[in-house]
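J.: give me coordinates for this.
(one chain, ligands or ions: 2)
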Amino acid sequence: MKFSILLASALSVGLFACNNADKKAESGDQNAAFDQYKDHFVEALWKTYPGWASSSGFHKYDSILSIPDEAGRQAELAFAKAQGDSLAKYSIDQLNDNNKIDFQLIANQLKSITWGINDQKAFEWDPSGYNVCGGFAEMLNNNYDSVDNRLRNVALRLKAVPAYYEAAKANVKNPTVEHTQLAIDQNLGGSSVFTNDLVSALKDSKLSQAEKDSITADAARAVAAINGYASWLKALKNDHPRSFRLGKDLYNQKFDLEIQSGYTAEQIYAKALEHKKDLHSKMAAISREIWAKHMGTEVMPSDSLLMIRMLIDKLSVNHVKPADFQSAIDKQIPELVKFVNDKKLIYLDPSKPLVVRREPDYMAGVAGASISAPGPYDTLGNTYYNVGSLSGWDAAQSESYLREYNHYILQILNIHEAIPGHYTQLVYSNKSKSLIKSLLGNGAMVEGWAVYTERMMLENGYGNNEPEMWLMYYKWNLRTTCNTILDYSVHNLDMTKEDALSLLTKEAFQQQAEAEGKWKRATLSQVQLCSYFTGYKEIYDFREELKQKEGDKFDLKKFHETFLSYGSAPVKFIKTLMQ
Ligand code: ZN
Ligand code: ZN
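T.: Numbering: from 1, shown residues only. Ligands and ions are numbered 1, 2, ... in the order given. Got it, this is the predicted structure:
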């Protein structure tokens, strides 16, 4: 069924003027060649970005640490130019849908590389971009190879650390105060990898004592280089630091390259403002309706935001006991599966059930739930749903956490992370496995899908249309919406910290600590906070558009299955291929 839809949509794009036989031959030729080109592209990508290769699970270049100097940047630009020339030999019209998307993802990646070096220039103003610790931690802690082989690569890579930080110091110019502090904190914090993880790996290994001594000496030099970089940053005379605000031009460009949306940043900002207003009015209406039921004779305040907050606080008390947190999540997964199947919302492959597991030790302390998916080269790895426990938390901490992830929000979290959110999307994207999509996949589509499913489930009656469930859902959705408003306003409109905190606490009903954390994140990142709302809005708007056009013939289940069949591609490309 799905294949006939795909075929129909490919034909309706109407790119081929010639007859069927010619079309097959031509597109077949280009696709075979393009598949080969993609392999070459990835090979060249890993040569240029050995650190990225290692973290993606491709370990051929583990021994290499790229030095972030001018020569390195020239090599990146040359890579982008050469690959762009190769890409230009293909005509996107002659490629199949899968390759059309891969073509666009590669083209966008090449543009991002050039833009990052020539325009954004974060290598000058963001000193936190220089940090070797994470790469070493991955090599020391992941068992993809014997400890001795991993240590031999560590030994070679360690030699380059002093030169790496010398290059960093030569690059940094008028850095932002915020990224300077982050660089100091993260480098000093991360360097424990050489005292803890390295020491225990050396203990486990059968390398000769001479080899071990040599690694230990080079590790000491690496730590000295890291400490030296941190001290250098602390002492840096920086009379004219760059503002952490990216500014309109760079922000718009970054938004286009990173989010790859059919909307501009400004359009998304306008949509987020409108959406917030709409959410507030819906929340106020529900709050009036259920006020007496929950608040009894308490006087309803005339300030509607205050009224909503009082109800949210009241409803948040409805939560599981700390000891029942994990079992509550366990229990919900089969209920979500049943609901999706009963309502025929999307096909869930029964041979790929979600594996729920207790959070592994190295993740301990991150309560809640998250998906761990195997990397693109780990074809046999399992996908897990990690569920944290609150054991060891003090009473106040766990009470505050459980109020946040109360009876209602916990269900929405499971929809988002698991069924039919991230996990379901992953199962579909693995069916059309493409290394390019795994490596360059679109974050706004992936997050947008998970956010979209929250609303879609409620619209289809999940939670029995209880007004309390809807009220809490709207609060949850406000977070995503206000992330976008915050990010855009901070980087384009000079929003002050005071205004930001007021937006998040008064209008999005967040706790002070959450709001402070979000402000910090907005000063350190750009655009990423927009991905959730942008993806959600694009998918939702697209669905509504199709519904309007197709009327009675619109089939929600088919829409979902077809939409996900293209893999983690930007929504605007999926849209073109589906129409
Ligand atoms: Zn409580
Ligand atoms: Zn998510």
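J.: go ahead and confirm residue 575 touches residue 542.
T.: Yes - when contacts are counted by CB atoms under 8 Å, residue 575 is listed as touching residue 542 (5.4 Å). All C-beta atoms are positioned from the backbone trio N, CA, C, and that covers glycine.
J.: counting contacts, what elements does the lengthiest helix in the chain pack onto?
T.: If you go by DSSP state H, the chain has its longest helix at helix 265-295. If contacts are counted by 3 or more CB pairs under 8 Å, 6 or more residues apart in numbering; DSSP states H and E, helix 265-295 sits against helix 248-259, helix 304-316, helix 467-492, helix 531-550.
J.: quick one: name whatever helix or strand follows the second one.
T.: Stepping forward along the backbone from helix 304-316, the first helix or strand reached (DSSP states H and E) is helix 325-342.
J.: and that following helix, which residues are buried?
T.: By 16 or more other CB atoms under 10 Å, the buried positions in helix 325-342 come out as 325-326, 328-329, 332-333, 336-337, 339-340.
J.: quick one: name the residues of the stretch 301-450 of the chain near ligand 2.
T.: Residues of the stretch 301-450 of the chain lying close to ligand 2 (CB under 5 Å from the ion) are 447, 450.
J.: got it, and the chain?
T.: So the chain meets ligand 2 at 447, 450 (CB under 5 Å from the ion).
J.: picking up where we left off before, report the inter-axis angle for the longest helix of the chain versus helix 467-492.
T.: 150 degrees (axes from the mean of the first three to the mean of the last three CA atoms, to 10 degrees).
J.: just confirm residue 385 is within a strand.
T.: Yes - counting by DSSP: H, G, I helix; E, B strand; the rest coil, residue 385 is found in a strand.
J.: can you get me a residue count around it?
T.: Residues lying near residue 385 (other CB atoms under 10 Å) number 22.
J.: that one against residue 333, yeah?
T.: Yes - using CB under 8 Å, residue 385 is in contact with residue 333, at 7.4 Å.
J.: name the residues contacting each of these two.
T.: Residues within reach of residue 385 and of residue 333 at once, by CB atoms under 8 Å, 6 or more residues apart in numbering, are 354, 356, 418.
J.: got the contact list for the last one?
T.: With contacts defined as CB under 8 Å, 6+ apart, residue 418 is in contact with 333, 336, 354, 369, 371, 385, 424.
J.: equivalent analysis for the second one, please.
T.: By CB under 8 Å, 6+ apart, the residues touching residue 356 are 329-330, 333, 384-385, 387.
J.: kindly report the same for the first one.
T.: Taking CB under 8 Å, 6+ apart as the definition of contact, the neighbours of residue 354 are 333, 383, 385, 418-419, 423.
J.: give me the distance between it and ligand 2.
T.: Separation of residue 354 from ligand 2 (CB to the ion, to the nearest Å) stands at 15 Å.
J.: do you know how far that residue is from residue 418?
T.: To residue 418, residue 354 is 6 Å away according to CB to CB, to the nearest Å.
J.: tell me which of the helices and strands packed on helix 265-295 is the most buried.
T.: helix 467-492 (a mean of 23; mean count of other CB atoms under 10 Å).
J.: quick check: angle from it to helix 304-316?
T.: Using the same axes, to 10 degrees: helix 467-492 against helix 304-316 is 120 degrees.
J.: downstream of helix 467-492, the next helix or strand is which one?
T.: Next along the chain after helix 467-492, taking DSSP H and E as the criterion, comes helix 497-502.
J.: what's the offset of that next one from the middle of its chain?
T.: Distance, stretch centre to chain centre, for helix 497-502: 25 Å (CA atoms, centre = their mean, to the nearest Å).
J.: same check on stretch 204-219?
T.: On CA atoms, centre = their mean, the centre of stretch 204-219 falls 38 Å from that of its chain.
J.: give me the contact list for stretch 395-406.
T.: 315-320, 322, 325, 367-368, 390, 393, 413, 472, 511, 514.
J.: my bad, should have said stretch 207-220
T.: Identification of contacts with stretch 207-220 by CB under 8 Å, 6+ apart yields 148, 151-152, 154-155, 158-159, 161, 194, 198, 202, 205.
J.: average model confidence for that stretch?
T.: The average of the pLDDT scores along stretch 207-220 is 97.
J.: what does stretch 436-443 give?
T.: On average, stretch 436-443 scores 93.
J.: pull the CA atoms of that stretch into CSV?
T.: Provided in CSV are the C-alpha atoms of stretch 436-443 (Å, rounded to 0.1, in the frame of the first residue of the first chain):
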residue,chain,number,x,y,z
ILE,A,436,23.6,10.2,4.7
LYS,A,437,20.3,10.6,6.6
SER,A,438,21.8,9.1,9.8
LEU,A,439,24.7,11.5,9.7
LEU,A,440,23.1,14.6,8.3
GLY,A,441,19.4,14.0,9.3
ASN,A,442,17.3,17.0,10.2
GLY,A,443,16.8,17.7,13.9
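J.: for the closest residue to residue 66 other than its chain neighbours, grab phi and psi.
T.: Nearest non-adjacent residue to residue 66, counting by CB to CB, 6 or more residues apart in numbering: residue 72, 5.6 Å away. Dihedral pair for residue 72: phi -60, psi -40, per degrees, to the nearest 10.
J.: low-confidence ranges, the stretch 301-450 of the chain, go.
T.: 360-367 (pLDDT under 70).
J.: nearest to ligand 2: which residue in it?
T.: Residue of the stretch 301-450 of the chain nearest ligand 2, by CB to the ion: residue 450 (4.4 Å).
J.: so that residue makes contact with residue 416?
T.: Yes - assessed by CB under 8 Å, residue 450 is found in contact with residue 416 at 4.6 Å.
J.: what is in contact with the two at once?
T.: residue 422.
J.: between the contacts of residue 418, which is closest to residue 261?
T.: Among the contacts of residue 418, residue 424 lies closest to residue 261 (CB to CB), at 22.4 Å.
J.: which parts of stretch 203-212 are buried?
T.: 205, 207, 211-212.
J.: which residues touch the residue of the stretch 301-450 of the chain closest to ligand 2?
T.: Counting by CB under 8 Å, 6+ apart, residue 450 touches 416-417, 421-422, 425.
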